[in-house]
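Participant: the following comprises the amino acid sequence and a computationally predicted model.
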Amino acid sequence: MASKNQLFLGLFVHSKALDELEYLHNTAVCVDKSGTIVAVESECDEARARETLFPRLGWEPNEVDVVCAREGQFFFPGFIDTHLHASQYPNVGIFGNSTLLDWLNTYTFPMEASLANLAKARRVYTRVIRKTLSHGTTCAAYYATVDVPSTNLLADLCFSHGQRALVGRVCMDQLSPDYYRDASPRDSVAATEQSIAHIRALDPDSHMDMSRALVRPVITPRFAPSCSAELLRSLGDLAAETNLPIQTHISENKPEIELVAKLFPEHESYAAVYDATGLLTDRTILAHAVHLTEKEADLVAQRGAKVSHCPCSNSALTSGACPVRWLLAKGVVCGLGTDMSGGYSPSVLEAARQAVLVSRHVAMGGGGDGDKLGVEEVLYLATRGGAEVVGLRGKVGGFEVGMEWDAQLIGLGMVADDGEDRAQQGEGQGGGEDDGDVDVFGWESWPERIAKWVFNGDDRNTKKVWVRGRLVHQRKGEW
Ligand SMILES: O=c1[nH]c(=O)c2nc[nH]c2[nH]1
């Protein structure tokens, strides 16, 4: 929330449909103190907004903050990272030649366990929240650790930094090291309930309506191999009682799928394990889903469960190339996940560009041109698709009246007539700020500029970030 009403002016770009971006030029967007968009007016400058919109909204003219996108800049909805492990952040980029199951034992469990040290956890979580905000991630679905105080600390820090988040305490009671696991299904559920109670109490205003809460708890069975059947069933029951979202992993790599078949021989597939235990619901976020069978994908679609596509991680850990187009065609709602630290980057924009490239590998590996994802589609997954995955459809992910102002101001580098960087000369852009690797010469269409941003953009282009109207990140040198 912001202390004042706000008027945003300039170019707004957002997804209208999976394959269509809408460009709202010379537009005014009014955001009230609660952070809700209350007007979107095309062909409107500040004078016109003051004359027509403010009286209509009952706004006092001197109680409005005005933010203008300058030449070359545009507003874009905040990114939604539908899957990442805050507790693995120090390990980004460190995976060697490992694959999922040995990577977990070698790198992941020791790091997660070490965050029971709350001083270390505070340092790591503060950094991951700041870093993801600086890349335009306004909402994140986080896995924390098995430890309750450490999980609660992550939720506290998301709340104080103003990042919208789902925060889950990781549940696992088998096939994990003795030093890092729940002692029993009962202990696991009790610890999860403690964490849920803590997170629910964070934001008393939204206690009656959790969908209003900035930070929400999410039930988090790590994945089927590390949970006993009893634990999976108990967590399914808890999800039914509380109506909370669920997040877990599915069908990420082949040895993992074989392990699930061995551990749960009574079920015909990995997806069937979750279905039989009450965990495959329309509030479930399934990370990876690289190797689902046709029947499993149909079941996922039928249950309304969502998929977090994690292309950086799937490539880094040699897990496989997820056929996202095939999932979409089956009616499965998909978003993007950085999956740090299986994924090496905190940037959803990086996940979007890797989603484009991985889809080309799917096309080359026996699929066809129909498997390719384009720029418009991956940006849809990063915003509106992600919003649906985390249960915020219609609330964030676009610029429409009634939605909340979760947004980023993007600035692209403009090349001056003499070939120099205009920003470095202090002209046009944010006070001499480095605009990164995107060079715009001026003759490009807006769709071409957006494509340049997707393939070469980074946090240097992310000038300002807001969540629910509150400014939560401003790049140094930007004014
Ligand atoms: O990418 C992944 N990261 C994890 O931490 C994990 N745990 C189970 N399966 C997993 N996959």
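Facilitator: That came through, no problem.
Participant: what residues does this protein put near the ligand?
Facilitator: His85, Leu100, Leu104, Thr108, Arg222, Phe223, His249, Glu252, Ser313, Asp339, Gly342 (CB under 6 Å from any ligand atom). (C-beta placed from N, C-alpha, C; glycine too.)
Participant: distance check, the second one against Ser445.
Facilitator: To tie it back to what came earlier, the one meant is Leu100. From Leu100 across to Ser445, the span is 42 Å (CB to CB, to the nearest Å).
Participant: now, the residues of the chain next to the ligand that are in helices?
Facilitator: Leu100, Ser313 (DSSP state H).
Participant: list the contacts of whatever residue of the stretch 201-350 of the chain ends up closest to the ligand.
Facilitator: The ligand sits closest to Gly342 of the stretch 201-350 of the chain, with a gap of 3.3 Å, by CB to the nearest ligand atom. Going by CB atoms under 8 Å, 6 or more residues apart in numbering, Gly342 touches His85, Gln88, Phe95, Leu100, Trp103, Cys310, Cys312, Ser313, Ala316, Leu317, Ser319.
Participant: any chance of those residues in CSV, plus neighbour count?
Facilitator: Formatted as CSV, the contacts of Gly342 follow (neighbours: other CB atoms under 10 Å):
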residue, neighbour count
His85, 27
Gln88, 23
Phe95, 20
Leu100, 23
Trp103, 24
Cys310, 34
Cys312, 24
Ser313, 30
Ala316, 22
Leu317, 24
Ser319, 24
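Participant: so Pro185 versus the ligand, what's the distance?
Facilitator: Distance, Pro185 to the ligand, using CB to the nearest ligand atom, to the nearest Å: 18 Å.
Participant: what pairs with the residue nearest the centre of the chain across the strands?
Facilitator: In the chain, the centroid-proximal residue (CA atoms, centre = their mean) is Asp81; its distance is 1.2 Å. In this structure, Asp81 bridges to Ala140 when assessed by DSSP bridges.
Participant: below-threshold pLDDT in this structure: ranges please.
Facilitator: 205-208, 423-433, 479 (pLDDT under 70).
Participant: hmm, try it at 50
Facilitator: Low-confidence segments of the chain (pLDDT under 50): 428-431.
Participant: and the chain, what are its domains?
Facilitator: 5-77+399-474, 79-389 (automatic domain parsing).
Participant: point out the most buried one among those domains.
Facilitator: domain 79-389 (a mean of 21; mean count of other CB atoms under 10 Å).
Participant: measure that one end to end?
Facilitator: 12 Å (CA to CA, to the nearest Å).
Participant: pull stretch 295-304 out as PDB, backbone CA atoms only.
Facilitator: These are the backbone C-alpha positions of stretch 295-304, laid out as PDB (Å, rounded to 0.1, in the frame of the first residue of the first chain):
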ATOM      1  CA  LYS A 295      -2.700 -39.900 -19.000                       C
ATOM      2  CA  GLU A 296      -1.000 -38.000 -16.300                       C
ATOM      3  CA  ALA A 297      -1.200 -34.700 -18.200                       C
ATOM      4  CA  ASP A 298      -4.900 -35.300 -18.700                       C
ATOM      5  CA  LEU A 299      -5.400 -36.000 -15.000                       C
ATOM      6  CA  VAL A 300      -3.500 -32.800 -14.000                       C
ATOM      7  CA  ALA A 301      -5.700 -30.900 -16.400                       C
ATOM      8  CA  GLN A 302      -8.900 -32.500 -15.100                       C
ATOM      9  CA  ARG A 303      -8.000 -31.700 -11.500                       C
ATOM     10  CA  GLY A 304      -7.100 -28.100 -12.400                       C
END
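Participant: cool, thanks, signing off.
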